[in-house]
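Take a look and give me a structure for this.
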Amino acid sequence: LERQLLLQNEMRERQTAMQIAWTREFLKYFGTFYGLAAVCLTTGAIKKKNPGILLPILPLSFVFAYHYDMGYGTLLQRMKG
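Presented below is the predicted three-dimensional model:
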C-alpha cells in the first residue's frame with residue numbers, strides 16, 4: 001500500500017511537471033502573438049484615432065497573465081494548499 005501511494009504521488013508530480021512545461025511552451029507562442037497584437041492594435045488606434053480598437057487587448061491580457069502565473073508564478077502552489 002505504501003509503495004502504491006509513492007507511485008501515485010510520483011505520477012501526480014510528473015503530471016504537474018508536464019502541465020507546467022506545456023504552459024511555458026504555450027506562453028512562448030501566445031506571448032509572441034500578444035506582443036504583436038498589442039503593437040498592431042496600438043498602431044491602428046493611433047492612426048485611426050479610435051481608442052476602441054484597443055479593446056481586444058483586455059481579454060488577451062487576462063489570458064496572458066493567467067498562463068504566466070501558472071508557468072512561472074505561484075498558481076500551482078496556491079492550488080495545492
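
could you measure the spatially most central residue of the chain against residue 34, distance?
The residue lying closest to the centre of the chain (CA atoms, centre = their mean) is residue 67, at 1.4 Å. Remark: distance between residue 67 and residue 34 (CB to CB, to the nearest Å) = 10 Å. In this view, the C-beta of every residue, glycine as well, is placed from N, C-alpha and C.

what's the answer for residue 43, then?
Counting by CB to CB, the gap from residue 43 to residue 34 is 15 Å.

So which of the two has more stuff around it?
The residue with more neighbours, out of residue 43 and residue 34, is residue 34; 17 against 11, by other CB atoms under 10 Å.

Which helix or strand contains the residue nearest to the centre of the chain?
helix 57-72 (DSSP states H and E).

Does the helix or strand of the chain with the lowest mean pLDDT pack against any helices or strands, and if so which?
Across the helices and strands of the chain, mean pLDDT, DSSP states H and E gives its lowest value to helix 75-80, namely a mean of 75. Helix 75-80 sits against helix 2-48, helix 57-72, with contacts defined as 3 or more CB pairs under 8 Å, 6 or more residues apart in numbering; DSSP states H and E.
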